[in-house]
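K.L.:
What follows is a predicted protein model with its sequence.
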Amino acid sequence: MPALSSWLQRRGFPLRLLLCFLGGALGALALPPFSWTVLFFPGFMATVFYLRAAGTARDGFALAFFYALGFHLAGLYWISASLFVDIARYIWVLPFSLAGLPMWLAFLFALGALAAHPLRVRPLAHALLLTLTLSASEILRGFLFTGFPWNLFGTVWIHTPLEQSVALFGIYGLTFLTLLAACLASLLLSGPSRAAWLAMAGCGALLLALAGWGAARLDTPPLPVVPDIRLRIVQPDIAQSERRTFRQRMAGLRRAMAMTEENGAGPVTAILWPETLVPDFLTARADLRRELARLVPEGGSLLTGTPALFRDGPRLHYANALAVLNGEGAITGLYEKHHLVPFGEFVPFKKWLKTVPVAADVIGARADFSPGPGARTLRAAGLPSFSPLICYEAVFSGGVLDNSDPPQLLVQITNDAWFGDTTGPYQHFEQARLRAIEEGLPLARAANTGISAVIDPLGRVTARIPLEQTGVIDAGIPRPLPQPLFRWLTNQILFALAVFFT
């Protein structure tokens, strides 16, 4: 399109930066809860077109950076909502919270674009190499500095049949195909060669085949449930502003206890409560365990989030935990969260930050949580064996279960009340749902303010409580599927291929 190229040259580089930024922000509407997939492609295609026209590596880096900054600012704005629980104290953090993480993710994306810059004069070769280098940058952001694989580009296909392909090659594989399709489609803006047309046709045929397979997979009857198992999920819907003091948090616990009792015993075999619903150290409170034990179904279990306290000689350490309680008030299983949230559950560079006056006032002498040893399988009376996930641990593809002791169920507990009615809780829910498809396992999810649900191994929601509503689910647990291809391949093989070809 010579006319478009000439027009852009006349308007100058700042306009291209702005268009890239706006294209990225528009592309974020392809993410949940909107899931307008088609809006991802215009901005991405235009950005790749600009990258091929960039005169210098510095210009290409800047164009890619501004695109990804727009995408992640629009997709992650909700993180800053947590500060408004006490904005007077945390207002100084707001610029860092709003822009810091998006800028880091944009930097990694721009590095990927920079690696492909030397081939920009060969459009098809540039599109293929850019697919590989950007895929590598997506993988990197899932691991560097504890990792943040939130809103990977493959998630733009959520709520389409293509999401089923994560059962074959995971969300990173779908991200690769998404980038390939968008990079090849960008060739339409500059007049594709015969080879480029063939590449686009091949990629399109593959996507159509995967979509057809996904649609056929979803067009099946409901999966049978595990016999003699019925789970009660309680969503008390306690706003974070109602959890500031210990007394308020105990009042929230009483609310959940009353909701559990009001629904009667029925045929329930286990109960699931959200993250940190029990505000005190359940491991150290025998009296509280006995009080909760009266809620436990006969021969069953209560699963709840709780802080845990451990003594290692003279030292104490704390964990964000999921505890399994039996009818006698004994803890029969305990899982410690191992993917901790930076600045939420621990403070990186804490010793240095405490020397900064404004930061020291906020950090104070607060104790950090310690990470647990990793994914593990727990067993509880009244439930199949399960892999516990706390909060955003569910977004780490390939890291949600112990393959040496495979479970029959994924159980996620979370407290998304920090983020209110923003896009964050919807994104969190949908990414957890993708883990069920990847692993071929059902998922039971208890969220304090929502979204709580039971999800089958195809990602179909069988029971649900919407965001910011009080409710109780009594539901059976769908049977797992035979081990999907993703469980055999695992992400390690995909990562090795990405590194090899890059």
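P.N.:
Okay, I see it.

K.L.:
Now for residue 103, how many residues are close by?
P.N.:
15 (other Cβ atoms under 10 Å). For glycine as for every other residue, the C-beta is placed from the backbone atoms N, C-alpha and C.

K.L.:
Just give the nearest non-adjacent residue to it, would you?
P.N.:
residue 69 (6.4 Å; Cβ to Cβ, 6 or more residues apart in numbering).

K.L.:
shouldn't that neighbour be in contact with residue 22?
P.N.:
No. Residue 69 lies out of contact with residue 22 (Cβ atoms under 8 Å); the separation is 10.9 Å.

K.L.:
Between the two, point out the one with more neighbours.
P.N.:
Ranked by neighbour count (other Cβ under 10 Å), residue 69 and residue 22 place residue 69 first, with 23 against 16.

K.L.:
Pop out the phi and psi values for that one.
P.N.:
phi -60, psi -40 (degrees, to the nearest 10).

K.L.:
In contact with it, which residues?
P.N.:
Taking Cβ atoms under 8 Å, 6 or more residues apart in numbering as the contact definition, residue 69 lies against 21, 24, 102, 103, 106.

K.L.:
how close does it sit to residue 161?
P.N.:
To residue 161, residue 69 is 31 Å away according to Cβ to Cβ, to the nearest Å.

K.L.:
Same question for residue 294.
P.N.:
Residue 294 is 47 Å from residue 161, by Cβ to Cβ.

K.L.:
Of those two, give the one with the bigger neighbour count.
P.N.:
residue 161 (17 against 10).

K.L.:
ok, the more buried one touching residue 219?
P.N.:
No. Between residue 161 and residue 219 there is no contact under Cβ under 8 Å: 9.4 Å.

K.L.:
Residue 323 contacts residue 283, correct?
P.N.:
Yes. Shown here, residue 323 and residue 283 form a contact pair, counting by Cβ under 8 Å, at 7.3 Å.

K.L.:
Mutual contacts of those two, please.
P.N.:
306, 308, 331, 334.

K.L.:
For the second one, which three-state class applies?
P.N.:
Assigned with DSSP: H, G, I helix; E, B strand; the rest coil, residue 308 falls in the strand class.

K.L.:
Among the shared contacts of residue 323 and residue 283, which one sits closest to residue 414?
P.N.:
For those, the residue nearest residue 414 by Cβ to Cβ is residue 306; the value is 13.8 Å.

K.L.:
between residue 323 and residue 283, who's got more neighbours?
P.N.:
residue 323 (25 against 17).

K.L.:
That one pairs with what?
P.N.:
residue 304, residue 334 (DSSP bridges).

K.L.:
Quick check: it vs residue 62, distance?
P.N.:
If you go by Cβ to Cβ, the gap between residue 323 and residue 62 works out to 50 Å.

K.L.:
likewise residue 286?
P.N.:
60 Å.

K.L.:
which residue ranges form the strands in this structure?
P.N.:
Per DSSP state E, the chain carries strands over the ranges 231-235, 270-272, 301-312, 315-325, 331-336, 386-390, 409-414, 443-447, 452-455, 461-465, 471-475.

K.L.:
Residue 229 against residue 475, yeah?
P.N.:
No. Using Cβ under 8 Å, residue 229 makes no contact with residue 475, being 9.8 Å away.
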